[in-house]
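Trainee: just need the structure, nothing else, for what follows:
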Amino acid sequence: MEQQRVIRNTSIEALKEIEANGLLGRLQLEVQRAVVKHGPITIREIHDRFFSNYNDRSISPRVRELFQMGSIREFDKRFCTVSGMKATAWIATGALPCKLKKEITKDEKIKRLKAAITVSIKQFKLYKDVETVNKIMDILNGK
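Mentor: Residues are numbered from 1 along each chain as shown. All right, here's what the predicted structure looks like:
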């Protein structure tokens, strides 16, 4: 049974605006095009049909990003024509992608934690014991 293709005018219009304004990275844009023109489509089908020269782990993160940005959504669960397994089929939403919030790096988390501990130490008036504060700060700074 042939899967019904779902292409809405809003999806095509959004794709044109995305292309014209450079709203996505190169690979994100290519995945968006595949979903708009060939959706509903699974990640494995996208990879197999359009990106077989790429590592298969390159496509899944782009699909997740597009989903998080709101430009694609889950359509249904069906059997993938490539893997034969049940998988999510994706379609375009017709919406322009919104910016993703940048994830905080491990180093930034540590820096924020150190700052919070420093403030806490001062709030609890431990700073009167300079030697103790210096030991704690040395530990935090990895000395």
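
Trainee: mind listing the helices for the protein?
Mentor: With helices called from DSSP state H, the chain shows them at 9-21, 26-38, 43-50, 59-69, 106-123, 130-140.

Trainee: just the angle between the first one and helix 26-38, please?
Mentor: Right, the one you point to is helix 9-21. For helix 9-21 against helix 26-38, the angle by axes from the mean of the first three to the mean of the last three C-alpha atoms, to 10 degrees is 160 degrees.

Trainee: got the buried residues for helix 9-21?
Mentor: Going by neighbour count (16 or more other C-beta atoms under 10 Å), the buried part of helix 9-21 is 11, 14-15, 18. Bear in mind the C-beta positions are built from the backbone N, C-alpha and C, glycine included.

Trainee: again with the third one
Mentor: Applying a neighbour-count criterion of 16+ other C-beta under 10 Å, one finds 43-48, 50 buried in helix 43-50.

Trainee: same question for the last one.
Mentor: By neighbour count, with 16+ other C-beta under 10 Å as the criterion, the buried positions of helix 130-140 are Ile136.
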